[in-house]
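Peer 1: A predicted structure for the sequence below; I have some questions about it.
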Amino acid sequence: MNWSKKLLAAVSLGVLVTACGMPPAEPVDRTEKATGIDTASDWGKFVDSFLTGYFARNPDFAVYQGRHEFDGKLPDWSEQGLADHTAFLEKTLADAQAIDAATLDAEQRFERDYLMAVARGKLFWLKQADWPHRNPAFYTGTLDPSVYVTRPYADVDTRAKAFIAYARGVPKAAEQIRSNLRTPLDPYAIDYGVNAFGGYASFFIGDARAAFADVSDAGIKADLESATAEASEAMQGLADWLRTEKPNAKVGYALGPELFSQMLVSTEMVDLPMAELKAIGEADLKRNQQALTTACAQFAPGSTMPECMAKLSLDKPEDGPVAEARRQLPELRAFLVDKDLVSIPGTEEAKVEESPPYNRQNSAYIDIPGPYEKGLPSIYYISPPDPSWAPEVQAEYIPPKKDLMFTSVHEVWPGHFLNFLHANRAKSFFGRLFVGYAYAEGWAHYTEEMMWEAGLGKGDPEVHIGQLANALLRNCRYLSAIGLHTGGMSVDQSLAMFREQCFIDEGNARQQALRGTYDPGYLNYTLGKLMIRKLRADWTADKGGRDAWKAFHDAFLTYGGPPVPMVRAAMMEEGTPKAVF
């Protein structure tokens, strides 16, 4: 989902510094109105300085949040720019650690810990994992121009001018990316880059131009034609260069056990032995497989598990998943209200659209405007099958209705969309801007099972199978991430696990196995879900159990999106954050 700009863009707080000979960032308005931060306190000034420095170095993130004075800008991905970003984060972290906790109130101390947690996470990807030199996926989300193309934050001419400025910057970005990526590259990283950068190349001279068809100014139209042609050529050149590197490729996607463990500590505050983490995932896989066996015995008596799942797949929406999802969303919202499961702030609704061709790595995702935007819609995107696949594989890829229902739960009601309705109103402005991977995906995945437990489907085994199909997909992501990055698992073995243990169709299984090579954090769906379920059980134990679910959900969502162990420590008054499953 495109909210990953919130999740992956790391925090660099502290004073704005000039490092590594870089020129000072362009000045921006530092008033409270511009940043949303109360600068009356020293802590407020500290966070305000962080935003100033961070937005200047990550203008794409600033634009995504609604700071349109940064329109058209891309980050500096030169070696000097990367070094500056790293130094900024390191100084930020040191300055935050040096603050005397006694000078902060409880909320400020929590926010400081939150900032440092996300800063450590960003530094991990920049420095320890060395993602800018190893992984094309480091760049593809930042290059995403959907904010200009699909978000109506201004009139079409204004957005076209911003898009043109962005497109003019793409050739330089492509040069920096090519310079950064160190060969020999992993073959799966190459394939990902070829598809992603090649997709952008097609997008620039196709859908991007079509998106601005209403522009009437001849000068803007001419600039659009030339800028998109240059951007397309640059992206295609990058894709072609990667393709020429394929014969020299060397398998090297695995982080290795040490770095993988460090990833979990740095990004999610999870510090457990790898064997224990694997056992936790295997236990949840077994729990869901057993539940599926029971549900299939009711839904398709005497059938094998693949036959049961095949029967589920027979009930597909005749008019396609986009139309079906549009029907599902009002029903899911009404269920939340009827069961009084969680508060729904505001009156916003999410729209449903087909995902654009350049962004179809996942079957579904949601694009949610940031807290600086006002009155703009969120878009729940659903991807069609890859037209290069065999017809039967394409047909398999279309989700059945009950499976899609829990994707709609995950993305909208009460998953990501509701999470961000709360996050965008969080007391901590930092919590509005930065929402972590395990928090966001853990919450969205947690809500799937929670909705079933609350009575969605009224005990219908077919509905339960739809929920379990989504749970099993995330179980295999969890175990695939551990296997691919710490256990010597091959992509083919990962694909086989998705097919045989989690009963995923071939197209999705291939997509998910490949995703594990460039997104080792995709275990966070199950990781976050299990931590949230345990926290709910412990927090509600002396508050009425099931009767306290709404209070738990409302309390959990007030934090924005820090590492789940931080939320546990605050809600359970445990002091030191720790991961509990």
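Peer 2: Cool, the structure landed. All values derive from a computational prediction rather than experimental measurement.
Peer 1: Where do the helices of the stretch 1-150 of the chain begin and end?
Peer 2: 4-8, 32-35, 42-57, 59-65, 79-98, 106-123, 131-134, 137-143, 146-150 (DSSP state H, counting those that start in this stretch).
Peer 1: Tell me which of those sits nearest to F406.
Peer 2: Across the helices of the stretch 1-150 of the chain, the minimum distance to F406, taken as C-beta to C-beta, is reached by helix 4-8, at 20.5 Å. Just so you know, the C-beta spots here come from the backbone N, C-alpha and C atoms, and that holds for glycine as well.
Peer 1: Which pLDDT does the model give the closest residue to Y559 other than its chain neighbours?
Peer 2: Nearest residue to Y559 in three dimensions, chain neighbours excluded: V567, at 5.2 Å (C-beta to C-beta, 6 or more residues apart in numbering). Predicted confidence (pLDDT) for V567: 98.
Peer 1: quick one: V567 is in a helix?
Peer 2: Yes: assessed by DSSP: H, G, I helix; E, B strand; the rest coil, V567 belongs to a helix.
Peer 1: check contacts around it.
Peer 2: Applying C-beta atoms under 8 Å, 6 or more residues apart in numbering to V567 gives the contacts 439, 535, 556, 559.
Peer 1: Now mean pLDDT and mean neighbour count too, for the helices of the stretch 1-150 of the chain, in CSV please.
Peer 2: Converted to CSV, the helices of the stretch 1-150 of the chain look like this (pLDDT from 0 to 100; neighbours: other C-beta atoms under 10 Å):
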stretch, mean pLDDT, mean neighbour count
helix 4-8, 39, 22
helix 32-35, 52, 14
helix 42-57, 94, 21
helix 59-65, 96, 25
helix 79-98, 97, 18
helix 106-123, 95, 20
helix 131-134, 98, 18
helix 137-143, 96, 20
helix 146-150, 91, 21
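Peer 1: Nearest to P330, out of the ones you listed?
Peer 2: So among those, helix 146-150 is nearest, using C-beta to C-beta, at 22.5 Å.
Peer 1: who touches that closest one?
Peer 2: In contact with helix 146-150 (C-beta under 8 Å, 6+ apart) are residues 2, 63-64, 71, 153, 159-160, 162-163, 166, 207-208, 211-212, 356, 359, 367, 379.
Peer 1: Convert the C-alpha atoms of that helix to PDB, please.
Peer 2: Provided in PDB are the C-alpha atoms of helix 146-150 (Å, rounded to 0.1, in the frame of the first residue of the first chain):
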ATOM      1  CA  SER A 146       0.700   9.000  -7.900                       C
ATOM      2  CA  VAL A 147       0.300  12.100  -5.700                       C
ATOM      3  CA  TYR A 148       0.400  14.300  -8.800                       C
ATOM      4  CA  VAL A 149      -1.500  12.000 -11.100                       C
ATOM      5  CA  THR A 150      -4.400  10.700  -8.900                       C
END
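Peer 1: How far does that helix sit from its chain's centre?
Peer 2: 17 Å (C-alpha atoms, centre = their mean, to the nearest Å).
Peer 1: tilt between whichever helix or strand comes after that helix and helix 79-98?
Peer 2: Heading C-terminal from helix 146-150, the first helix or strand you meet, by DSSP states H and E, is helix 156-180. For helix 156-180 against helix 79-98, the angle by axes from the mean of the first three to the mean of the last three C-alpha atoms, to 10 degrees is 100 degrees.
Peer 1: Flag every buried residue along helix 156-180.
Peer 2: With burial defined by 16 or more other C-beta atoms under 10 Å, the residues of helix 156-180 counted as buried are 156, 159-171, 173-174, 176-177, 180.
Peer 1: By pLDDT, give me the weakest of the contacts of V567.
Peer 2: The minimum pLDDT among the contacts of V567 falls on Y559, with 95.
Peer 1: Check the spacing between that one and A440 real quick.
Peer 2: Counting by C-beta to C-beta, to the nearest Å, the separation of Y559 from A440 is 12 Å.
Peer 1: Low-confidence stretches in the stretch 301-450 of the chain?
Peer 2: Low-confidence segments of the stretch 301-450 of the chain, defined by pLDDT under 70: 358-359, 361.
Peer 1: For it, which segments count as helices?
Peer 2: 305-312, 321-339, 391-397, 401-411, 416-423, 429-433, 437-453.
Peer 1: what helices or strands is the fifth one leaning on?
Peer 2: Helix 416-423 sits against strand 378-382, helix 437-453, with contacts defined as 3 or more C-beta pairs under 8 Å, 6 or more residues apart in numbering; DSSP states H and E.
Peer 1: so the last one versus helix 416-423, what angle?
Peer 2: I take that to be helix 437-453. Using the same axes, to 10 degrees: helix 437-453 against helix 416-423 is 120 degrees.
Peer 1: And helix 437-453, what does it pack against?
Peer 2: Partner elements for helix 437-453 (3+ C-beta pairs under 8 Å, 6+ apart): helix 4-8, helix 257-268, helix 401-411, helix 416-423, helix 461-486, helix 524-540, helix 564-572.
Peer 1: Can I get these in TSV including distance to E318?
Peer 2: Below are the helices and strands packed on helix 437-453 laid out as TSV (distance: least, C-beta to C-beta, whole Å):
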stretch	distance to E318
helix 4-8	32
helix 257-268	41
helix 401-411	10
helix 416-423	26
helix 461-486	17
helix 524-540	30
helix 564-572	40
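Peer 1: Those: which one's closest to A119?
Peer 2: helix 257-268 (9.6 Å).
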